[in-house]
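J.: Pasting a predicted model and its sequence here:
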Amino acid sequence: MRSLKVISALLGYPENELFEARQALIDEVQSDEGLPEAQQAQLIEFIEQLCNQELMDAQENYVSLFDRGRSLSLLLFEHVHGESRDRGQAMVDLMAVYEKEGFAIDVRELPDYLPLFLEYLSLRPESEVQQWLADVSHILALLETRLHQRKCNYALLFEVLLSFTGVPVERKELREKVAAEVRDDTPEAMDEVWEEEMVRFTENSAQDCGDNAISQRRRELDKVQPLNIQPLSPSAPSESAGSF
């Protein structure tokens, strides 16, 4: 599944390196024999559209989608555990999986960050990839539906990922659920979150202190970083995350 590495790159924060790798990304998609021609064409069109933008426009669009509010967060466990303590243990467990397989993280990012997770999967056998993606298919389907609701072309990337799982998606039910949701990325919603955080801060409740998505990610990184994932032994094959 060579396209997993491509989707991983496309779901990351747009940088010059991504735009410069446009042809390499297209070549990878065209070389993926397991990808139907229709999906190849759609992915190539997405790459062209993304890389033909001004970089700052692409970055602003990315932040407005994935870093404002939690409904489109690319942190998988946020959709499962929220801010509960179970989320921290789930991240430690996932890091242990990466470590066991010799997948070294050399970027400052949480282990459940979807682009990083997909990069790891791009190195694994197809049967294992399908099982992992099936396990998170409910999250992928929810994100896809929310992106479709916002008429955002990033939804395509989640459609492709879901096609790898073989898991049927009840889209009508999801559309109804998403239609009833209150957007959490509006200025009013962001102000409400900020006010709630200020109240908690003034109450000096460090354990329960809320945070916005970006600050929350930074805080959790400070907790996770000291684990310093590295291969278990010199003989274990080491793959380093963060490059295409």
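T.: That came through, no problem.
J.: where do the strands sit along the chain?
T.: 103-104, 239-240 (DSSP state E).
J.: Those: lowest mean pLDDT?
T.: Mean pLDDT is lowest for strand 239-240 among the strands of the chain, at a mean of 50.
J.: Against Gly12, how distant is the closest residue to Leu75 other than its chain neighbours?
T.: Using CB to CB, 6 or more residues apart in numbering and skipping residues adjacent in sequence, the residue nearest Leu75 is Asp112, 5.3 Å away. Backbone N, C-alpha and C define where each C-beta goes, glycine included. In this view, Asp112 and Gly12 are 14 Å apart by CB to CB, to the nearest Å.
J.: Can you get me a residue count around the residue nearest to Ala90 when sequence neighbours are not counted?
T.: Among residues not flanking Ala90 along the chain, Phe77 sits closest, at 4.9 Å (CB to CB, 6+ apart). If you count neighbours by other CB atoms under 10 Å, Phe77 ends up with 24.
J.: from what I can see Phe77 touches Phe117, true?
T.: No: assessed by CB atoms under 8 Å, Phe77 is found out of contact with Phe117, at 10.3 Å.
J.: Glu20 versus the spatially most central residue of the chain, what's the distance?
T.: The centroid of the chain falls nearest to Leu114 when counting by CA atoms, centre = their mean (2.6 Å). The gap separating Leu114 from Glu20 is 23 Å, by CB to CB.
J.: what's the pLDDT at Ser127?
T.: 89.
J.: burial count for it?
T.: 8.
J.: Next one: it from Ala104, what distance?
T.: Taken as CB to CB, the span from Ser127 to Ala104 is 24 Å.
J.: Which parts of stretch 91-99 count as buried, going by neighbours?
T.: Across stretch 91-99, burial judged by 16 or more other CB atoms under 10 Å covers Met91, Leu94, Met95, Tyr98, Glu99.
J.: Among those residues, pick out the one closest to Val167, please.
T.: Leu94 (20.2 Å; CB to CB).
J.: any idea of the pLDDT on the closest one?
T.: Reported pLDDT at Leu94 in the predicted model: 92.
J.: next one: the one 5 residues further on
T.: Glu99 carries a pLDDT value of 90.
J.: just Gly69 next, same as before
T.: 80.
J.: Next, count neighbours for it.
T.: 18.
J.: thought it was touching Arg183?
T.: Yes: with contacts counted by CB under 8 Å, Gly69 reaches Arg183, the gap being 7.2 Å.
J.: residues near the residue nearest to Leu75, how many?
T.: Asp112, neighbours per other CB under 10 Å, totals 24.
J.: Quick one: the helices in this structure, in order.
T.: 3-10, 16-20, 22-31, 37-51, 55-66, 78-81, 85-100, 114-121, 126-135, 137-149, 155-165, 171-179, 187-202, 213-224 (DSSP state H).
J.: For the fifth one, which outside residues touch it?
T.: Around helix 55-66, the neighbours that count as contacts under CB atoms under 8 Å, 6 or more residues apart in numbering are 13-16, 19, 50, 53, 72-74, 147, 150, 152, 154, 185.
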